[in-house]
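>>> output the structure for:
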Amino acid sequence: MSKTRIAFIGAGNMAASLIGGLRAQGLDAAHIRASDPGAETRSRIKAEHGIETFEHNAEAIEGADVIVLAVKPQVMKAVCETLKPSLKAGQLVVSIAAGITCASLQAWLGNIAVVRCMPNTPSLLRQGASGLYATEQVSAKQRQQAEQLLSAVGTALWLEQEQQLDAVTAVSGSGPAYFFLLIEAMTAAGEKLGLPRETASQLTLQTALGAAHMAVASDVDAAELRRRVTSPAGTTEAAIKSFQASGFEAIVEQALQAAAQRSAELAEQLGK
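Predicted coordinates for the structure are as follows:
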């Protein structure tokens, strides 16, 4: 990756996170470029990372090995169509836009190597989780480049089928919001049980952080970890039984099914 030249189309938060991750891994600022229509955005990312910035996309991608499309899905078609005349053989396009399929990207860009990925918001803290899918035009070297790019902000996992990105969207793409919702609910419940709100909030947040660290560091799965902290006839068992009596697992499954279905619907709408 040390010699890979990368151009970012769009310099918003996710692009800035990826650039920061690449710089932290030692990629020279001279090998990174970014374009964005906003002068303030260009100025900020240039000051933060010391990279060259451009107003026009065609200038940014000149000589790039990897082109990262980091624009909103609603403007992706227009951006791709203006980029198409400037693309060169051998360049890799990596899209981090939700809901835009590889077929749509290739229809707008031409028959070029495309990797589509779904990162999530913890990538902003380099604690992200991303699913990646490559078209048949992507070489082994380009797969490695895409993986290293997304690994700069967290975990990057390859998928065998593009439609699995809908499931990735449901699990990890939208997933942080589910945990935020649980944190909200636990904080509110703790307050109703008599704790000051700030105390309930701090206890909930630290518990969430500690549980996540335990799950990541453990050599057993989450189900076993749960069993280990659930003493028979104890307080935890009382809570778990209440969750399950209310259909907790079914609620989670239904929620993720809804997210995956909506992801597929958006792909169809945005790809037209």
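>>> for the residue nearest to Ala152 when sequence neighbours are not counted, give me its contacts.
Leaving aside its chain neighbours, Ala152 sits nearest to Gly21 (3.0 Å; criterion: C-beta to C-beta, 6 or more residues apart in numbering). The way it works is simple: take the backbone N, C-alpha and C, and place the C-beta from them, glycine included. Counting by C-beta atoms under 8 Å, 6 or more residues apart in numbering, Gly21 touches 126, 152-153.
>>> now swap in Leu182 and tell me
Ala208.
>>> element containing it?
Here Leu182, judged by DSSP states H and E, is contained in helix 175-192.
>>> go on, Val94?
Counting by DSSP H and E, Val94 is part of strand 92-95.
>>> flag the shaky bits of this protein, pLDDT-wise.
The chain contains residues with pLDDT under 70 at 1-2.
>>> now do the helices in the stretch 51-200 of the chain.
Taking DSSP state H, counting those that start in this stretch as the test, the helices found in the stretch 51-200 of the chain are 57-60, 76-83, 102-109, 140-151, 164-168, 175-192, 197-217.
>>> hey, C-alpha coordinates of the last one in PDB?
Looking back up the chat, that one is helix 197-217. Extracted in PDB, the C-alpha atoms of helix 197-217 (Å, rounded to 0.1, in the frame of the first residue of the first chain):
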ATOM      1  CA  ARG A 197     -29.600  10.100  35.200                       C
ATOM      2  CA  GLU A 198     -25.900  10.800  34.900                       C
ATOM      3  CA  THR A 199     -25.100   7.800  37.100                       C
ATOM      4  CA  ALA A 200     -27.300   5.600  35.100                       C
ATOM      5  CA  SER A 201     -25.800   6.800  31.900                       C
ATOM      6  CA  GLN A 202     -22.200   6.300  33.000                       C
ATOM      7  CA  LEU A 203     -22.900   2.800  34.400                       C
ATOM      8  CA  THR A 204     -24.700   1.800  31.200                       C
ATOM      9  CA  LEU A 205     -22.000   3.200  28.900                       C
ATOM     10  CA  GLN A 206     -19.100   1.500  30.800                       C
ATOM     11  CA  THR A 207     -21.000  -1.800  30.900                       C
ATOM     12  CA  ALA A 208     -21.600  -1.700  27.200                       C
ATOM     13  CA  LEU A 209     -17.900  -0.900  26.600                       C
ATOM     14  CA  GLY A 210     -16.800  -3.700  29.000                       C
ATOM     15  CA  ALA A 211     -19.100  -6.300  27.600                       C
ATOM     16  CA  ALA A 212     -17.900  -5.500  24.000                       C
ATOM     17  CA  HIS A 213     -14.300  -5.800  25.100                       C
ATOM     18  CA  MET A 214     -15.000  -9.100  26.800                       C
ATOM     19  CA  ALA A 215     -16.800 -10.500  23.700                       C
ATOM     20  CA  VAL A 216     -13.900  -9.500  21.400                       C
ATOM     21  CA  ALA A 217     -11.200 -10.800  23.700                       C
END
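>>> distance from the following helix or strand past it to the middle of the chain?
Using DSSP H and E, the helix or strand that follows helix 197-217 in sequence is helix 222-228. Distance of helix 222-228 from the chain centroid (C-alpha atoms, centre = their mean, to the nearest Å) equals 27 Å.
>>> contacting residues around helix 222-228?
214-215, 218, 240.
>>> of the residues you listed, which is the most crowded?
Of all the contacts of helix 222-228, Ile240 has the most neighbours under the rule other C-beta atoms under 10 Å, reaching 16 neighbours.
>>> pretty sure it sits against Thr230.
Yes: using C-beta atoms under 8 Å, Ile240 is in contact with Thr230, at 5.9 Å.
>>> returning to that earlier point: ranking the helices of the stretch 51-200 of the chain by burial, who's on top?
Sort the helices of the stretch 51-200 of the chain by mean neighbour count, taking mean count of other C-beta atoms under 10 Å, and helix 164-168 sits at the top with a mean of 21.
>>> farthest pair within the contacts of helix 222-228?
Greatest spatial distance in these: Ser218 and Ile240, 18.3 Å, computed using C-beta to C-beta.
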